[in-house]
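Novice: Provided below for reference: sequence and predicted model.
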Amino acid sequence: MDKDDVPQLNKCNLNLSLESQKLGLMDEVSCLKLKLENMEEKHIKIITLLLLLLLSPKGIAEKMKDMTNSDLSSVSSGVDSGQQSPVLQENVKNSSIRKLWGKMKRTGVLSDDIEPTQFKRGGFRATAGPRLTQTPDSGRSSRAHTPFSKWTTEQVCGWLEDIGLGQYVSLARQWVNSGQTLLSATPQELEKEICIKHPLHRKKLQLSLRAFSYKTMEKSSELDHIWVTRWLDDVGLPQYKDQFYESKVDGRMLQYLTVNDLLFLKVTSQLHHLSIKCAIHVLHVNKFNPNCLRRRPGDENKTSPSEVVQWSNHRVMEWLRSVDLAEYAPNLRGSGVHGGLIILEPRFQSETLAMLLNIPPQKTLLRRHLTTNFNSLVGPQAQQEKQEFANASGHAPLTTTAKVRPTKLGFTNFRQLRKLKVDESADYICPMDTGTPPALSGTPKRTYGSFRGISPNLARDSDRLEKVGSKK
């Protein structure tokens, strides 16, 4: 290596170190946002419980007594509250009630349309402890036994809160008469009446409504948008957590993500597209088990493709440490490298991993050491298939700088696209009709070529993704 190359190499290492620190800070910020969200939810629950106590006759009397005494004591120092005139006491008491009621409305605990009701045993005003009112869980239970088309306005609004679309509740309360209003609404009506202009919010709502229409509950629907942000950590793409969280992408939406959806989420790297493809396929094969990815190290000498395909990004980094490449392991943060990508993507080879780890080409012995361990990790069958794919004519090696361009549509195609339903829209990132790969099903008789990438059509799909020239 020339002396002139030393400063350039040091500068490159410094940039990589700064990039790793940046990704670490972004991860910490995302975690803090999630903690803040959880704290706000707990705060709302606490306020709800306090409201239950306050609305009981005993609770209101005690609260008013405490607030009246505190307010009267601040009126005049040195004068006992019992010596105040009855008129002053009544005014202060009414003022305290107004303050308390206004605070409850500002916190969103009370809606503007709450009206006093008659006493009913077991009802809202009954002094029966937990039976004072419905908790969020009991509200979900009551919705579960009622067809969506017959849900009341408040039930629909509560459901919108549950799926993360609470910002549309105020307009939905004015427009929705029952669940049937949403079931029969067109995308244009949703955008007009409740101002859902965010394309992924609208897609999320349409997918959820379609599940009610077809009366099918997919396993993926149990994974909310909070879980998806943790899943991005596992697949090594924490830098996209904010975009996915703001778009409320949940498990059901992962099944129906398209190339343009990922571009809208600012995922432009071709490698990251393939990473998400393979990760979604692993979820499909494992029936959207939220704990299917392996995070902890096991016996490095007894690994098989069926285990490696479920490795998280952190688990891959642990493997690098076990093969004496610990100094390069941090370079995989934010790379999108996980076990599914290593096993299921035929263009992901040892040279690709060496490039992501930033191992200089002149370090031939180190790269040879990585290749030996990589081939041992993926197994002889995968190694042979990757080599055959690399030797095929027209093969384009996988790079870290390749970008995905959005599909260009003419005016006629654009008009047709607006008429398509959710399930008729263009290319899904991971089609749901893909067969189970042998590495996952444990049937070694099938060839590895039958599940190149994430499906038999991966080679075609990969070539279809247009690339931007490599950046130097």
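Specialist: Sure, I can see it. Bear in mind the structure is a predicted one, so any value in this text is a computation, not a measurement.
Novice: what's the nearest residue to Trp151 if we skip its chain neighbours?
Specialist: Gly179 (3.7 Å; CB to CB, 6 or more residues apart in numbering). The way it works is simple: take the backbone N, C-alpha and C, and place the C-beta from them, glycine included.
Novice: One more: Thr303?
Specialist: Leu377 (6.5 Å).
Novice: Can you tell me how far that neighbour is from Leu165?
Specialist: Separation of Leu377 from Leu165 (CB to CB, to the nearest Å) stands at 42 Å.
Novice: Ok, Thr181 next?
Specialist: For Thr181 relative to Leu165 (CB to CB), the value is 15 Å.
Novice: More neighbours: which of these two?
Specialist: Shown here are Thr181 and Leu165; by other CB atoms under 10 Å, Leu165 has more neighbours (21 against 17).
Novice: Pretty sure Glu351 sits against Pro397.
Specialist: Yes. Judged on CB atoms under 8 Å, Glu351 makes contact with Pro397 at a distance of 7.5 Å.
Novice: what's the closest residue in space to Leu398 that isn't next to it in sequence in contact with, if anything?
Specialist: In this structure, Leu398 finds its nearest non-sequential neighbour in Arg347, 4.1 Å apart by CB to CB, 6+ apart. The neighbours of Arg347, taking CB atoms under 8 Å, 6 or more residues apart in numbering as the test, are Leu274, Lys386, Phe389, Ala390, His395, Ala396, Pro397, Leu398, Ser462.
Novice: so is Arg347 in a helix, a strand, or just coil?
Specialist: Secondary structure, DSSP: H, G, I helix; E, B strand; the rest coil: Arg347 is coil.
Novice: give me phi/psi at it?
Specialist: phi -80, psi -10 (degrees, to the nearest 10).
Novice: Just give me the neighbour total for the residue nearest to Thr303.
Specialist: Neighbourhood size, Leu377 [other CB under 10 Å]: 23.
Novice: avg pLDDT for whichever helix or strand it is part of?
Specialist: Using DSSP states H and E, Leu377 sits in helix 364-378. In this model, helix 364-378 carries a mean pLDDT of 94.
Novice: The helix or strand immediately after that helix in the chain relative to helix 364-378, how many degrees between them?
Specialist: Of the helices and strands lying after helix 364-378 in sequence (DSSP H and E), the nearest is helix 380-391. Per axes from the mean of the first three to the mean of the last three CA atoms, to 10 degrees, the angle that helix 380-391 makes with helix 364-378 is 120 degrees.
Novice: which parts of helix 380-391 are buried?
Specialist: By 16 or more other CB atoms under 10 Å, the buried positions in helix 380-391 come out as Ala382, Gln383, Glu385, Lys386, Phe389.
Novice: Identify the residue spatially nearest to Asp27, adjacent ones excluded.
Specialist: Nearest to Asp27 is Pro238, by CB to CB, 6+ apart, at 4.6 Å.
Novice: close enough to count as contact, the one you found and Ser30?
Specialist: Yes. Taking CB under 8 Å as the definition, Pro238 is a contact partner of Ser30 at 6.5 Å.
Novice: give me every residue that touches His198.
Specialist: Residues in contact with His198 (CB under 8 Å, 6+ apart) are Ser247.
Novice: Can you check the pLDDT for it?
Specialist: In this model, His198 carries a pLDDT of 94.
Novice: So which residues of the stretch 101-250 of the chain form helices?
Specialist: Using DSSP state H, counting those that start in this stretch, the helices found in the stretch 101-250 of the chain span residues 136-144, 153-162, 169-175, 179-183, 187-193, 199-214, 225-234, 241-246.
Novice: ranking these by mean pLDDT, which is last?
Specialist: Minimum mean pLDDT among these: helix 136-144, a mean of 56.
Novice: on that earlier part again, let's have the contacts of Arg347 in a markdown table, adding distance to Gln206.
Specialist: A markdown table is the format used below for those (distance: CB to CB, whole Å):
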| residue | distance to Gln206 |
| --- | --- |
| Leu274 | 27 |
| Lys386 | 39 |
| Phe389 | 38 |
| Ala390 | 41 |
| His395 | 39 |
| Ala396 | 36 |
| Pro397 | 39 |
| Leu398 | 34 |
| Ser462 | 29 |
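Novice: Lowest-confidence entry in these?
Specialist: In terms of pLDDT, Ser462 ranks lowest among those, with 46.
Novice: With respect to Asp427, which of the contacts of Arg347 is nearest?
Specialist: Ser462 (11.9 Å; CB to CB).
Novice: where does the chain have low pLDDT?
Specialist: 1-17, 54-144, 299-301, 408-426, 432-472 (pLDDT under 70).
Novice: cutoff 80 now
Specialist: Within the chain, the segments meeting pLDDT under 80 span 1-31, 33-35, 37-38, 40-45, 47-145, 215-217, 297-303, 393-395, 407-427, 431-472.
Novice: quick one, longest helix in the protein?
Specialist: The helix that spans the most residues within the chain, counting by DSSP state H, is helix 5-55.
Novice: which other helices and strands contact that helix?
Specialist: When contacts are defined as 3 or more CB pairs under 8 Å, 6 or more residues apart in numbering; DSSP states H and E, helix 5-55 packs onto helix 57-73, helix 86-106, helix 225-234, helix 241-246.
Novice: can you pull the contacts of the residue nearest to Thr303?
Specialist: Taking CB under 8 Å, 6+ apart as the test, what Leu377 contacts is Thr303, Val308, Trp319, Ile342.
Novice: Any buried residues in stretch 146-166, and which?
Specialist: By neighbour count on 16+ other CB under 10 Å, the buried set for stretch 146-166 is 148, 151, 153, 155-161, 163-165.
Novice: let me fix that: stretch 216-227
Specialist: Neighbour count says stretch 216-227 has Ser220, Ser221, Leu223, Asp224, His225 buried, by 16+ other CB under 10 Å.
Novice: for stretch 204-220, same thing?
Specialist: For stretch 204-220, by 16+ other CB under 10 Å, it's Lys204, Leu205, Gln206, Leu207, Ser208, Leu209, Arg210, Phe212, Ser220.
Novice: and which of those is nearest to Asn291?
Specialist: The nearest member of these to Asn291, counting by CB to CB, is Ser220 at 14.3 Å.
Novice: If we ignore the residues flanking it in sequence, what's nearest that closest one?
Specialist: Nearest non-adjacent residue to Ser220, counting by CB to CB, 6+ apart: Gly251, 3.8 Å away.
Novice: The one you found contacts Leu223, doesn't it?
Specialist: Yes. In this structure, Gly251 is within contact of Leu223 by CB under 8 Å, at 2.8 Å.
Novice: Any idea how many residues pack against Pro397?
Specialist: Neighbour count for Pro397, taken as other CB under 10 Å: 11.
Novice: need the contact list for it.
Specialist: Arg347, Glu351, Thr352, Ala390.
Novice: Test my guess that Leu332 contacts Asn313.
Specialist: Yes. The pair Leu332 and Asn313 passes the contact test of CB under 8 Å, sitting 6.3 Å apart.
Novice: And these two? Which one has more around it.
Specialist: Ranked by neighbour count (other CB under 10 Å), Leu332 and Asn313 place Asn313 first, with 27 against 20.
Novice: ok, the more buried one - contacts?
Specialist: For Asn313, the contacting residues are Asp233, Asp234, Val235, Gly236, Leu332, Arg333, Ser335, Gly336, Val337, His338, by CB under 8 Å, 6+ apart.
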